[in-house]
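Undergrad: With the input below, show me the fold.
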Amino acid sequence: MEFNKAKNNFHLSARKSAAELDAFDLPQSLVINEAIRYALTENITFKLSLQNATNSRHVVAARPAGYRTFAPRMAMLSIKVSL
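TA: Numbering: from 1, shown residues only. The predicted structure is shown next:
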């Protein structure tokens, strides 16, 4: 089995609770997203994605309606069929 594409995204950054702030007031956080694609045939492709691989919980916004946390770990499988 040969995988023809893999993608890794690592995000490490501090955040602002509101865009108009001059300083970053939310702590730094690490988010890891992964994806891999496999072409079964010329017309059929599978893709497996994993978002927030470490399942970290961190605040991404604080205003106007209170704190919101990042999405939990999520896996998605998709199948693309070209006719």
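Undergrad: Tell me the buried residues in stretch 31-44?
TA: Residues of stretch 31-44 classed as buried by neighbour count (16 or more other C-beta atoms under 10 Å): 31-32, 37. From N, CA and C alone the C-beta is placed, and that goes for glycine too.
Undergrad: Over to stretch 44-56?
TA: Neighbour counts using 16+ other C-beta under 10 Å place 45, 47, 51-53 of stretch 44-56 among the buried residues.
Undergrad: So which residues make contact with the helix or strand that contains K47?
TA: With secondary structure defined by DSSP states H and E, K47 is part of strand 44-51. With contacts defined as C-beta atoms under 8 Å, 6 or more residues apart in numbering, strand 44-51 is touched by 33-40, 71, 73-82.
Undergrad: Please repeat the previous calculation with a cut-off of 6 Å.
TA: For strand 44-51, contacts defined as C-beta atoms under 6 Å, 6 or more residues apart in numbering pick out 33-39, 74-81.
Undergrad: Tell me the one among the residues you listed nearest to A14.
TA: Ranking those by separation from A14, with C-beta to C-beta as the measure, puts N33 on top at 18.6 Å.
Undergrad: for that closest one, helix, strand, or coil?
TA: Classification of N33 using DSSP: H, G, I helix; E, B strand; the rest coil returns strand.
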